[in-house]
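Peer 1: structure of the sequence below:
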Amino acid sequence: MNLSAILVSQFLAGLEMLKQTITLCPEDLWNAPQDKNPFWQVTYHALYFVHEYLAESPETFVPWEKHREVYDFDETQTFEPYDQAALLEYLAFLENHVRERLPQLRLDEVEGHGSRSMLTAELQIYSLRHLMVHTGELMERLGARTGANIDWVGWVHD
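Peer 2: Below is the predicted model of the structure:
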């Protein structure tokens, strides 16, 4: 198995775990007013950056068709939340996008410029870490408030 196939497998596994958090999240936790960063927004943030980091560069990135400027955390603004169905739709889009896009990347080349200038392979590992930090955050929030358990997904091989 090559590095590209390994990365695809790990992204799909991470997305599957995030999918579990979305589907198990009750309505009252989805946009709970006591949360500094609502569940839905952390979810969108994680998905958005998986998507953006698969682009050739920030300048060539084309956001999801239902994108709204809610991907970054800003305590001074209130946003209309995405519902679970919309974010599951985005997640399904990204599962396909990861399968198609990742094998096209030249993992041994420097990607981007400025603050995003790094080997493409490193950017993808960075992106996986980002996805899993937020998935873990949501797993903990969900588990602490509802007792829900998320199944570990080690890999996904098509």
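Peer 1: OK, contacts around the closest residue to E109 other than its chain neighbours?
Peer 2: Excluding its sequence neighbours, the residue lying closest to E109 (C-beta to C-beta, 6 or more residues apart in numbering) is T120, at 5.7 Å. No exception for glycine: its C-beta is placed from N, CA and C like everyone else's. The contact partners of T120, by C-beta atoms under 8 Å, 6 or more residues apart in numbering, come to L105, R106, L107, D108, E109, V110, E111.
Peer 1: can you get me a residue count around D151?
Peer 2: 7 (other C-beta atoms under 10 Å).
Peer 1: oh, I was asking about Q84
Peer 2: Counted with other C-beta under 10 Å, Q84 comes out at 17.
Peer 1: what's the answer for A92, then?
Peer 2: 12.
Peer 1: ok, back up a step: A92 versus the residue nearest to E109, what's the distance?
Peer 2: 24 Å (C-beta to C-beta, to the nearest Å).
Peer 1: ok, T146 next?
Peer 2: 24 Å.
Peer 1: put the alpha carbons of stretch 37-45 into PDB.
Peer 2: Extracted C-alpha coordinates of stretch 37-45, given in PDB (Å, rounded to 0.1, in the frame of the first residue of the first chain):
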ATOM      1  CA  ASN A  37     -18.300  26.900  19.900                       C
ATOM      2  CA  PRO A  38     -21.500  25.100  19.100                       C
ATOM      3  CA  PHE A  39     -21.400  21.400  18.100                       C
ATOM      4  CA  TRP A  40     -22.500  22.100  14.600                       C
ATOM      5  CA  GLN A  41     -19.900  24.800  14.100                       C
ATOM      6  CA  VAL A  42     -17.000  22.600  15.400                       C
ATOM      7  CA  THR A  43     -18.300  20.000  12.900                       C
ATOM      8  CA  TYR A  44     -18.400  22.400  10.000                       C
ATOM      9  CA  HIS A  45     -15.000  23.800  10.900                       C
END
